[in-house]
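Engineer: What follows is a predicted protein model with its sequence.
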Amino acid sequence: MLSSLETPTLKDFFKFLGLFLLYALLSYPLRKVFPGLKGTEYESILVDLILLTALYPAARKAGFDFKRLRAYWNGLKAEARPALKYFLLMTALLFAADKVYTLLLAPWDLPWTNALLFWNDQSHNPATLDARLEALLAHPALLPAYLFGLCAVAPVSEEFLLRRWLYVATRRYLPLAAALLANAALFGALHGLDFVATGLAGLFFCWVYERTGRLETPVLVHCFTNLLAVAMLFSEKLFGFSF
């Protein structure tokens, strides 16, 4: 069971949304001054930093303190090995689930089953990110910003928002299974056509958080997952090898 920690309220949630929109509007002149930012990874990192800034008041209310950064870092290092084990377990389960999902739906050949199979295919189809990969390969200087956003900012912000905040809040009112499924569905929906695999991953992140009671663990599992996704995308693009 999760430890009893203060959770931001619904008022805090709307405050977060308002701050995010405000900071996004304030950043608009920056895009005008530096039009080269548009469509690059630097624009993505700007959005990520806006998200972190908007989340800060809620994170502070939940107990975050900049003076404890070293302690947080030590907590991440302490959870690295358990998180790696969870990540390997999740990878194996997702691989098996993908095969079972395909085997169950493929024989039907109906419009809705074909749509579900198509959406699932987007979860591991490097062609869907060809434009971004081409930009990164053409300008390798963008790669650090891409990796930082995908493997550092995204795991921290998404795990705090979706697991530490929304999941903990829904656990107060819903049974465990319902809270897990609701959070997984939301996480998947936020990723568009990629919602099948990301939804299952979100379900696993919630389970890890529920099991450990430590946010560091799902943050690291999320980070390892994104690193694997990057490796898969670039191996396909550079070497024609998929795994």
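Structural biologist: On my side now, so go ahead. Residues are numbered from 1 along each chain as shown.
Engineer: What is the neighbour count of Asn120?
Structural biologist: Counted by other CB atoms under 10 Å, the residues lying close to Asn120 total 21. In this view, the C-beta of every residue, glycine as well, is placed from N, C-alpha and C.
Engineer: in terms of contact, does it touch Val196 like I think?
Structural biologist: Yes. Counting by CB atoms under 8 Å, Asn120 touches Val196, with 4.3 Å between them.
Engineer: what touches both of the two?
Structural biologist: For the pair Asn120 and Val196, residues contacting each of them under the criterion CB atoms under 8 Å, 6 or more residues apart in numbering are Tyr101.
Engineer: so where's the chain shaky on pLDDT?
Structural biologist: 1-6, 31, 34-41, 122-132, 135, 193, 236-243 (pLDDT under 70).
Engineer: Would you check how far apart Trp165 and Phe16 are?
Structural biologist: Spatial separation of Trp165 from Phe16 under the definition CB to CB, to the nearest Å is 9 Å.
Engineer: Please identify every residue contacting each of the two.
Structural biologist: Residues touching both Trp165 and Phe16 by CB under 8 Å, 6+ apart: Pro8, Ala58.
Engineer: what about the helices in the protein?
Structural biologist: Secondary structure of the chain (DSSP state H): helices located at 10-26, 28-33, 41-61, 69-78, 80-105, 111-122, 130-138, 143-148, 154-158, 168-171, 176-189, 195-212, 216-239.
Engineer: Give me whichever of the ones you listed is most buried.
Structural biologist: Mean neighbour counts were compared across the helices of the chain using mean count of other CB atoms under 10 Å; the top stretch is helix 195-212, at a mean of 22.
Engineer: Taking helix 216-239 as reference, get the angle to that one.
Structural biologist: The directions of helix 195-212 and helix 216-239 differ by 150 degrees, with axes from the mean of the first three to the mean of the last three CA atoms, to 10 degrees as the criterion.
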